[in-house]
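Q: Give me the fold of what follows.
(chains A, B, C and D)
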Protein chains: 2
Amino acid sequence: MLFKQFDLNYDRPAVTKTETGMSKHGQRVLITLRKMIANGELPPGERVAEIPIAERLGVSRTPVRIAFRTLEQEGLLRKGDRRGYTVRAITPTEIADAIEVRGVLEGLAARLASERGISLPARSHLIECLSTGDALFSKGFLTDEDMETYHDFNMRFHNTIIEASRNVAIEDALSRNDHLPFASVSSIAFNRDDMTGEFRRFNFSHMQHHIIFDAIDNGQGARAEALMREHANAALRYTQILGPTQDMPDNFTVIEREDTA
Amino acid sequence: MLFKQFDLNYDRPAVTKTETGMSKHGQRVLITLRKMIANGELPPGERVAEIPIAERLGVSRTPVRIAFRTLEQEGLLRKGDRRGYTVRAITPTEIADAIEVRGVLEGLAARLASERGISLPARSHLIECLSTGDALFSKGFLTDEDMETYHDFNMRFHNTIIEASRNVAIEDALSRNDHLPFASVSSIAFNRDDMTGEFRRFNFSHMQHHIIFDAIDNGQGARAEALMREHANAALRYTQILGPTQDMPDNFTVIEREDTA
DNA sequence: CGTAATCAAATTGGATCCAATTTGGCAAGA
DNA sequence: TCTTGCCAAATTGGATCCAATTTGATTACG
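A: A predicted model of the protein is given here:
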């Protein structure tokens, strides 16, 4: 997990995570390109060629070629008719679309988890996530560290329900959204200058978690589905914050999970 | 589009479609590997290495490497912990899961199309698809050529609704399913030895198309969504036909669209 | 002056070579 | 006989080279 400002420079030497055993260059190129697209360093509509990118990142064309295909699959690049790729525009509308899709898919997961019943370990895990949140919000305020805690158990809460659905296709369908900024649970943003407002916002989200669990735990599939759909709208706020240029204001902090795939 | 038996051999010299301007080898390798996985020529769980596949297909390792990444994104391959890829098992359960996801996503598309209203050209296109079907079924029986016609307008009907939703994320989320056999509208199968039964089955599907259009055309979003979800279950039949070995009986004919991406 | 044709530069895809890492076997010692 | 360590073979990823295709520009001709 990463805790950072949004507008940091991504040109750092990428020292982290050399222990994975995976190829160094390939992963780094992929992650770097994702971020360059996400923050507009590669403007939407811009044509990207292999050679300039390879030189810019200091690698050969091979890992760049691999990364381009992957980014095309992820929807971040679009291949032209004849030659080359262009950066796909990630507009607030597209993010809102992706959030709506996520709500529907996670709603399906919640309904299936309700109908099929969740395992005891999964249930315990969800309860643990809820308790962690209760402890957080019972203080009456939120710190920056609390936000990281929230981000962590929020992600686990959602992933647990997706697993509990026992429908592997849901995770596959969601994996595309995971690479769009702010369209998945793997990234949240909050305004450091309005922590009171953010407390109320995230507390509301947490209360939704409670009633979603209640619905699932009582086998109320339709209720769980509707609540989870509504819960996804909590992320719609980011489409209001982000302008057309995708500039995140300086007083916002972004927490996101480091992409691995 | 392709009209063929399911168990033909895919080792033919691949003469078709040289006019696309796209790379010959890369596309062919990708398509061939998809089919080899789909029909079990590469058994589930089997470890696939670059060199044997490259030699088997008569190309160098480069296009195979590209194809492996794409197939991993599509969910047909899974990469091992340390090295290599393994063929992901495509069980009837997984196909059923994917069909359920498709129903939910297309249901969302139908609801959005209802709520936002469809354009006049899209409406005309849907009506044209319905008329084509009416002409087909009014004969009282179906021929093999009719099935190809059905497959064609069925695909266009569904794609038109997805476009009419004006939510681009839906198409992205569905694109993964499109590569699973029988999980998308791009492939249908029918029993040549029971064309009477198939007539009734596809006629029912067509009637569903009618009421889905009616719901969309009247702005009944919830109804359209529910109907489209139910409509997806028509594909669930394939999970009954396909055994655990994914063997399609000889008396079944499969119509599927040639994969391009 | 405009249009078409040809040629050069750029870009992409495939093949091959090289380095790095892992896997598996074989041998030696406890 | 079992375990451990080392070496070789295999596999993968990156870099470079080569071929094919496209773009665009310049020139020549109408």
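
Q: how many other residues sit next to the residue of the stretch 101-250 of chain A found nearest DNA strand C?
A: Relative to DNA strand C, the nearest point of the stretch 101-250 of chain A is A:His179 (20.7 Å; C-beta to the nearest atom of the strand). (C-beta placed from N, C-alpha, C; glycine too.) As a burial measure, A:His179 scores 22 neighbours (other C-beta atoms under 10 Å in any protein chain shown).

Q: Grab the nearest non-local neighbour of it.
A: A:Glu74 (4.4 Å; C-beta to C-beta, 6 or more residues apart in numbering or on different chains).

Q: What separation is there between A:Leu77 and A:Leu30?
A: 11 Å (C-beta to C-beta, to the nearest Å).

Q: Common neighbours of those two, please.
A: Taking C-beta atoms under 8 Å, 6 or more residues apart in numbering or on different chains as the contact rule, A:Leu77 and A:Leu30 both touch A:Leu71.

Q: Name the SS class of A:Ala89, please.
A: coil (DSSP: H, G, I helix; E, B strand; the rest coil).

Q: Is there a neighbour count for it? I'd like the number.
A: 14.

Q: Who are the contact partners of the closest residue in space to it that isn't next to it in sequence?
A: Of all residues not flanking A:Ala89 in the chain, A:Pro44 sits nearest, at 3.5 Å (C-beta to C-beta, 6+ apart). By C-beta under 8 Å, 6+ apart, the contact set of A:Pro44 is A:87-91.

Q: Kindly report the same for A:His25.
A: By C-beta under 8 Å, 6+ apart, A:His25 lies in contact with A:59, A:63.

Q: Quick check: which element contains the residue of the stretch 101-250 of chain A found nearest chain B?
A: When scored by C-beta to the nearest C-beta, the stretch 101-250 of chain A has A:Ala169 as its residue closest to chain B, at 3.9 Å. Element membership for A:Ala169 (DSSP states H and E) is helix A:168-177.

Q: and after that helix, which helix or strand comes next?
A: Next along from helix A:168-177, by DSSP H and E: strand A:187-191.

Q: Give me the contacts around that next one.
A: A:6, A:147, A:150-151, A:154, A:181-182, A:197-198, A:202, A:238, A:241, A:248-249, A:251-257.

Q: Could you do stretch A:71-88 as well?
A: Taking C-beta under 8 Å, 6+ apart as the rule, stretch A:71-88 contacts A:30, A:33-34, A:37, A:42-49, A:68, A:90, A:176, A:179-180, B:21, B:70, B:73-74, B:172.

Q: what do you get for stretch A:207-223?
A: A:110-115, A:117-118, A:123, A:126-127, A:129-130, A:133, A:154, A:157, A:161, A:164, A:224, A:227-228, A:230-231, A:234.

Q: Could you list every helix and strand in contact with the host helix or strand of A:Ile95?
A: Following DSSP H and E, the helix or strand that holds A:Ile95 is helix A:92-116. Judged by 3 or more C-beta pairs under 8 Å, 6 or more residues apart in numbering or on different chains; DSSP states H and E, helix A:92-116 is in contact with helix A:144-164, helix A:168-177, helix A:195-217, helix A:221-232, helix A:237-241, helix B:92-116, helix B:168-177.

Q: Lowest average pLDDT across these?
A: Averaged per stretch, pLDDT over the helices and strands packed on helix A:92-116 is lowest on helix A:237-241, reaching a mean of 70.

Q: and the helix or strand just after that helix, which strands flank it?
A: Using DSSP H and E, the helix or strand that follows helix A:237-241 in sequence is strand A:252-256. Within its sheet, and counting by DSSP bridges, strand A:252-256 is paired with strand A:2-5 (antiparallel), strand A:187-191 (antiparallel).

Q: I'd like the mean pLDDT over strand A:252-256, please.
A: Here the average pLDDT along strand A:252-256 is 81.

Q: domains in chain A, as residue ranges please.
A: What automatic domain parsing lists as the domains of chain A is A:2-87, A:92-256.

Q: closest one to B:Arg56 among those domains?
A: Closest to B:Arg56 of the domains of chain A, according to C-beta to C-beta: domain A:2-87, at 21.4 Å.

Q: if you look at the closest one, does any of it touch DNA strand C?
A: Yes: contact of domain A:2-87 with DNA strand C (C-beta under 7 Å from any atom of the strand) involves A:21, A:48-52, A:61-62, A:65, A:83-85.

Q: Enumerate the residues of chain A near DNA strand D.
A: A:23-26, A:29, A:59-63, A:66, A:82-83.

Q: if you set the cut-off to 10 Å instead, what comes out?
A: Within reach of DNA strand D by C-beta under 10 Å from any atom of the strand, chain A has these residues: A:22-30, A:47, A:50-51, A:54, A:57-67, A:80-84.

Q: among the residues you listed, which are in strands?
A: Here DSSP state E is the test, and these give A:Arg47 as lying in strands.

Q: Got a ChimeraX select line for the buried ones in the residues of chain A next to DNA strand D?
A: In ChimeraX, a selection of the buried entries from the residues of chain A next to DNA strand D looks like this (16 or more other C-beta atoms under 10 Å in any protein chain shown):
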select /A:25,26,27,28,29,30,50,54,57,59,63,64,65,66,67
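
Q: Which members of the residues of chain A next to DNA strand D are positioned in helices?
A: Among the residues of chain A next to DNA strand D, DSSP state H puts A:24-30, A:50-51, A:54, A:57, A:61-67 in helices.

Q: Taking the stretch 51-200 of chain A, what residue is nearest to DNA strand D?
A: Counting by C-beta to the nearest atom of the strand, the stretch 51-200 of chain A gets nearest DNA strand D through A:Ser60, at 2.9 Å.

Q: got a list of what the closest residue to that residue other than its chain neighbours touches?
A: Nearest residue to A:Ser60, sequence neighbours excluded (C-beta to C-beta, 6+ apart): A:Ala54, at 6.0 Å. Shown in contact with A:Ala54 (C-beta under 8 Å, 6+ apart): A:60-61, A:63-64.

Q: Same check on A:Ser119?
A: A:Ala164.

Q: So which of the domains of chain A has the densest surroundings on average?
A: Neighbour counts (mean count of other C-beta atoms under 10 Å in any protein chain shown) averaged over each of the domains of chain A peak at domain A:92-256, with a mean of 19.

Q: gap between the residue of the stretch 101-250 of chain A closest to chain B and B:Gly45?
A: 19 Å.

Q: And for A:Lys139?
A: Distance from A:Lys139 to B:Gly45, by C-beta to C-beta: 50 Å.

Q: Skipping adjacent residues, who's closest to A:Phe137 in space?
A: Closest to A:Phe137 by C-beta to C-beta, 6+ apart is A:Asn203, at 5.0 Å.

Q: Test my guess that the one you found contacts A:Gly140.
A: No: using C-beta atoms under 8 Å, A:Asn203 makes no contact with A:Gly140, being 9.6 Å away.

Q: Tell me the pLDDT of the closest residue to DNA strand C within the stretch 51-200 of chain A.
A: Per C-beta to the nearest atom of the strand, A:Gly84 is where the stretch 51-200 of chain A lies closest to DNA strand C, at 3.7 Å. Note on A:Gly84: pLDDT of 87.
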